[in-house]
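1. Predicted coordinates and the sequence they were generated for:
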Amino acid sequence: MDAIVIAGGIPKPEDPLYGYTQGGNKALLEIADKPMIQWVLDALEGAQKVERLVIIGLPEDSVMNGEKIVSYLPTQGDLLENVKTGVIKVLEINPDAQNVLIVSSDIPTLTPEMVDWCVDTAGETEHEVYYNVITRQVMEARFPESNRSYVRLKDMEVCGGDMNVIHTGLVTENNDLWVRVVAARKNALKQALLIGIDNLILLLLRAIDLEGALQRVSKRLNIKGRAIQCPYAEIGMDVDKPHQLQIVRADLERKLNA
């Protein structure tokens with residue numbers, strides 16, 4: 001499977017990490033003597049199930065280490081447009097690609113084994129979207145001070161993962177869905193209408209479990225989605241705030257000194 005690495009995030013002055021990036025790309029923050037994205041690329045390079053890498057959002061003069069890297073593309077200024085651009089590029093390189101791995105550049109504790117698990121798990125079924133969720137218990141056992149935000153469901157509390165799989169046809173063939181998702185991305189009311197007010201109320205009341213929530217939202221959006229309860233906290237340990245940056249820096253320094 002080919003992978004798209006999203007690296008277009010540039011914190012603004014009001015963002016918590018701006019004091020560390022000073023207008024630079026978040027993916028290039030130094031962590032244990034490497035740019036943060038390089039840790040992610042190393043995991044993808046070591047994964048047996050990943051063939052090629054497309055990187056979106058790095059400055060033109062950035063040169064990362066990796067034999068699987070086949071293309072650098074400029075950011076499109078929006079996550080969804082970055083995903084769409086990356087999928088189109090993957091299909092140019094590999095017209096037979098059916099699924100593609102979408103990976104954020106800010107999960108530096110990722111390992112090759114976790115990447116292969118994600119690809120293998122998606123390969124068990126035929127869906128259009130495979131979305132990793134991590135329970136509070138798994139996340140806080142590995143990173144007790146991560147302070148992640150969780151969605152409270154009837155049967156568990158979960159946060160989202162930052163490495164997921166989508167079917168290429170979801171972007172290239174289901175254009176109506178893509179247009180609606182893009183239109184709703186910055187409007188809370190449109191987002192609620194997209195998944196359905198009834199579904200939103202059930203989520204807020206914690207009256208629905210993970211499988212039920214997935215089935216209702218998938219039906220509403222007319223897609224075949226699968227929520228995967230991920231055993232790896234690292235897939236959800238993204239760096240959005242200074243304390244999370246310090247956590248992963250300390251974690252990877254320990255890994256290097258072990």
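-> Looks like it arrived, so ask away.
2. Tell me which residues are up against the helix or strand containing residue 256.
-> In the assignment (DSSP states H and E), residue 256 maps to helix 242-257. Applying C-beta atoms under 8 Å, 6 or more residues apart in numbering, the contact partners of helix 242-257 are 16-17, 19-20, 29, 31-33, 36, 39, 108-109, 143, 145-147, 237-239. No exception for glycine: its C-beta is placed from N, CA and C like everyone else's.
3. just so I have it, where are all the helices in this protein?
-> 18-21, 36-46, 79-93, 112-122, 136-142, 168-172, 175-184, 188-195, 197-204, 210-221, 242-257 (DSSP state H).
4. Assess the claim that residue 130 and residue 166 are in contact.
-> Yes - counting by C-beta atoms under 8 Å, residue 130 touches residue 166, with 7.4 Å between them.
5. Just want to know which of the two has more residues nearby.
-> Remark: of residue 130 and residue 166, residue 130 carries more neighbours, 26 against 22, as counted by other C-beta atoms under 10 Å.
6. For beta bridges, what are the partners of the more buried one?
-> residue 165, residue 226 (DSSP bridges).
7. who's in contact with it?
-> Taking C-beta under 8 Å, 6+ apart, one finds 118, 121-122, 164-166, 225-226, 228 in contact with residue 130.
8. Distance check, residue 56 against residue 233.
-> 25 Å (C-beta to C-beta, to the nearest Å).
9. Check residue 225 too.
-> 22 Å.
10. Residue 239 now?
-> Where residue 233 is concerned, residue 239 sits at a distance of 14 Å (C-beta to C-beta).
11. Neighbour count for the two, which is higher?
-> residue 239 (27 against 22).
12. For the more buried one, which non-adjacent residue is closest in space?
-> residue 106 (4.5 Å; C-beta to C-beta, 6 or more residues apart in numbering).
13. again with residue 145
-> Residue 145's closest residue in space is residue 247 (C-beta to C-beta, 6+ apart), at 6.4 Å.
14. Return stretch 54-70 as PDB; C-alpha atoms alone will do.
-> Only the C-alpha atoms of stretch 54-70 are listed here, as PDB (Å, rounded to 0.1, in the frame of the first residue of the first chain):
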ATOM      1  CA  VAL A  54       4.100  11.000  -1.100                       C
ATOM      2  CA  ILE A  55       4.800  13.900   1.200                       C
ATOM      3  CA  ILE A  56       2.500  17.000   1.200                       C
ATOM      4  CA  GLY A  57       3.300  20.300   2.700                       C
ATOM      5  CA  LEU A  58       7.100  20.500   3.300                       C
ATOM      6  CA  PRO A  59       9.100  23.500   2.000                       C
ATOM      7  CA  GLU A  60      10.500  22.900  -1.400                       C
ATOM      8  CA  ASP A  61      14.100  22.800  -0.100                       C
ATOM      9  CA  SER A  62      13.400  20.100   2.400                       C
ATOM     10  CA  VAL A  63      15.100  16.800   1.800                       C
ATOM     11  CA  MET A  64      14.100  13.900   4.100                       C
ATOM     12  CA  ASN A  65      15.800  10.600   4.400                       C
ATOM     13  CA  GLY A  66      13.900   7.700   2.800                       C
ATOM     14  CA  GLU A  67      14.200   5.400  -0.200                       C
ATOM     15  CA  LYS A  68      10.400   5.100  -0.500                       C
ATOM     16  CA  ILE A  69       9.800   8.800  -1.100                       C
ATOM     17  CA  VAL A  70       8.600   9.300  -4.600                       C
END
